[in-house]
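Peer 1: Provide a 3D model corresponding to the input given below.
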Amino acid sequence: MTRTPDANSGGNDRALDPETTVELLNRVKAGDDAARERLVARCIPPLRRWARGRLPSYARDMLDTEDLVQESVLAALGRIQGFEARREGALQAYLRQALANRIKDVIRYKRRRPLQTELPEDVRDQGESPLDQVIGVENTERYEAAMLRLRDTDREAIIARVELRYSYQELAVALGKPSADAARVAVARAVYRLAREITNVE
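Peer 2: Residues are numbered from 1 along each chain as shown. From the prediction side, this is the model:
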């Protein structure tokens, strides 16, 4: 399996030109394997950072986190024909959802099988994820439900900033904003709307 750049290299090695992202995506849809490789290399590092801590230890005998991320991204790109992305943030949000669904599938599958160790089911890789540390594990389901009620642009802003940890400069490109300050304002407004939605979720 092809390995992508190391997640610890940070976001500065990731080109965030929205036109290039859209162009690569169109080439992928046309069957361009080289474009697929470049798009995978661009999208995977922030998704890998997000996924750390989300796959419990008892489920990692099937796949390690890095393989799971890459498998999920490749599978999602294989179903990309009907997806239109005008901003990189939309593509990252789409891939993040595909990865989240795959992690849930792996966990559900593993829980249906007898455990081979005495590890408790809540053991997590490298501790809680940054998101869980912020909102609390018990609120994760409410968070996900509230996210689905947001506009696409708000959801993309929160995923890119809070979950994938883009800088505001990166976020400006991902969201198609004119500056880092404009991206900061967009995130603040999105988080405010999210907080209202979480409060309204029963």
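
Peer 1: Could you list the single helix or strand in this structure with the lowest mean pLDDT?
Peer 2: For the chain, counting by mean pLDDT, DSSP states H and E, helix 130-135 ranks last in confidence among helices and strands (a mean of 52).

Peer 1: after it comes which helix or strand?
Peer 2: helix 140-148 (DSSP states H and E).

Peer 1: The residue most central in space within the chain and V185, how far apart?
Peer 2: Closest residue to the average C-alpha location of the chain: R96 at 2.9 Å, with C-alpha atoms, centre = their mean. Separation of R96 from V185 (C-beta to C-beta, to the nearest Å) stands at 22 Å. C-betas here are computed from N, CA, C, even on glycine.

Peer 1: can you check A85 too?
Peer 2: For A85 relative to V185 (C-beta to C-beta), the value is 23 Å.

Peer 1: neighbour count winner among these two?
Peer 2: A85 (19 against 14; other C-beta atoms under 10 Å).

Peer 1: Helices of the protein, residue ranges please.
Peer 2: 18-29, 33-51, 65-78, 88-112, 130-135, 140-148, 152-158, 168-175, 180-200 (DSSP state H).

Peer 1: Could you list every helix and strand that the last one packs against?
Peer 2: Which is helix 180-200. helix 140-148, helix 152-158, helix 168-175 (3 or more C-beta pairs under 8 Å, 6 or more residues apart in numbering; DSSP states H and E).

Peer 1: Determine which of those helices approaches N101 most closely.
Peer 2: Evaluated with C-beta to C-beta, these place helix 140-148 nearest to N101, the distance being 11.0 Å.

Peer 1: What's the mean pLDDT across the closest one?
Peer 2: Averaged across helix 140-148, pLDDT comes to 83.

Peer 1: And it, how far out from the chain middle?
Peer 2: Put simply, helix 140-148 sits 14 Å off its chain's centre (C-alpha atoms, centre = their mean, to the nearest Å).
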